[in-house]
Structure formats: C-alpha cells, structure tokens
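[1] need the 3D shape of this:
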Amino acid sequence: MKNTSKETSLFILLAYVVGVSIVMITFFVGKKYNIPFEKITGDPAYYFQSHPFTGIVSNIGALLWCATSTTCVFAGFHLKKFSDGKEASFLLLSGFFSFILLIDDFFMFHDYLFYSFNQFVLEPIIYGFYAILLIYFVYKYHDIILKSKYFLLATAVFFLGLSVFFDLVFPSEGLEYFFEDSLKFLGIVSWMLFFTVSSFRLVSEKAAIFSSKN
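    Residues are numbered from 1 along each chain as shown. Coordinates of the predicted model:
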C-alpha cells in the first residue's frame, strides 16, 4: 500500500510539474516573440471568430487518438501486475504508437510543419516511417493480434492507407479533401476500436487467471 501511495504522489507531482512547465514555456515564448497571449492560450475558434464546430471531425479524431493511447498505456501498466510478458509490452507500444500519431495529427507536423520545409521529401519519409513501424509492430505481435479482433486493425490500416493515397495524389480541397479526412476519421475509429477491445480482453483474461490462482 505504501509503494502505491508513493507512486501516486510522484505521478501527481509529475503532472503538476509538466503543467506548470507548459504554462511557463508559453509565457516566455509569447514574450520573446511578441505573440499575443490570447493567440497562444485561447480557443482557435474563439480567437478567429469562426464557428465552434470548425474542424470538429479532426478534433474528434484527435480525442480518439488520445483515448486509444491512454487506454493502452493504462491497460499495459495494469497488466504488469499480473504478468511481465509480451501482452504488457504490446499494449505499451500500442499506446506509444498511438501517441505519436496523436501528436503528429493534432499539431499538424506532417501536414504543415514538416511540409513547409520540403513538401516533396519529408512527407513521404514520414509516411514510410509509419509504415515500417506498423510492419514491425504486426510482425512482433502477430500472435496477439490474431487472437484479437484483427479485422478492425486491418480496417484501420485500409482506411488510413486510402487517406494517405488521397493526400498524396489529389489536391487538398473540395470533395477530395472531404473523402481524405472522412477516410482518416474512419481509420481512427477502427484503430480505437481494435486497441480498446484488445486492452479489455487482455486485462480481463490475465485478471481471471490471477484470481483463479489465488
């Protein structure tokens, strides 16, 4: 019980340290580069006087990335209580992978930040990196994936892959843009479903085995 209380206290402390650090960094960046604080801290829709539903599909997608990452990390650490095996590392890596995708999507790294440097080189490299990471992930954990609702992961890869195809081939405007973002959103939904269902299954199975032994 003492160890659990100590870990909880450290987690709370770390959360406040990160939170205060973000606020301080925001303040100093705003002062140094003369950026209005309402532009940094305020809601974009309010600041630009746009409709509150502006970018709603993209925002919901980011929430789903975040929910997936959080679920996997929480389940992975919880699973370590029952086993230090492959299932825990599967969930933790899934959470880390989902977190990378969240950061990239939410802060528009490959869409804008990296793209502004070199649109012909960096974007394909980023997509290639994700493809290699996914292939490694599937290869390493194929046995766990095949025991789960793997068709959801396949569906996620299919929709996300089509979205990347539209992004690279068609202009980012009009109906093409709608299809690109719609496919990405369906891919995110499928990704979230696969890892949420897998997390629940793995934790439930290990907890049942642990309970039966005790």
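
[2] contacts and neighbour counts: CA atoms only from here.
    Will do.

[3] next secondary structure element downstream of the helix or strand hosting Phe96?
    Phe96 is part of helix 86-106, with elements assigned from DSSP states H and E. Once the chain leaves helix 86-106, the next helix or strand it forms, by DSSP H and E, is helix 122-140.

[4] what angle sits between that following helix and helix 86-106?
    Counting by axes from the mean of the first three to the mean of the last three Cα atoms, to 10 degrees, helix 122-140 points 170 degrees away from the direction of helix 86-106.

[5] tell me what whatever helix or strand comes next after helix 122-140 is packed against?
    Next in sequence after helix 122-140, counting helices and strands by DSSP H and E, comes helix 142-147. On a contact count with 3 or more Cα pairs under 8 Å, 6 or more residues apart in numbering; DSSP states H and E, helix 142-147 meets no helix or strand.

[6] what does the helix or strand of the chain with the lowest mean pLDDT contact?
    Lowest mean confidence among the helices and strands of the chain (mean pLDDT, DSSP states H and E): helix 44-47, at a mean of 79. For helix 44-47, contacts defined as Cα atoms under 8 Å, 6 or more residues apart in numbering pick out Glu38, Lys39, His51, Pro52, Thr54.

[7] rerun at 6 Å
    Pro52 (Cα atoms under 6 Å, 6 or more residues apart in numbering).

[8] may I have it as PDB, with CA atoms only?
    Only the C-alpha atoms of helix 44-47 are listed here, as PDB (Å, rounded to 0.1, in the frame of the first residue of the first chain):
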ATOM      1  CA  PRO A  44      -8.800  28.900 -32.000                       C
ATOM      2  CA  ALA A  45     -12.400  29.100 -33.000                       C
ATOM      3  CA  TYR A  46     -13.000  32.000 -30.500                       C
ATOM      4  CA  TYR A  47      -9.800  33.800 -31.400                       C
END
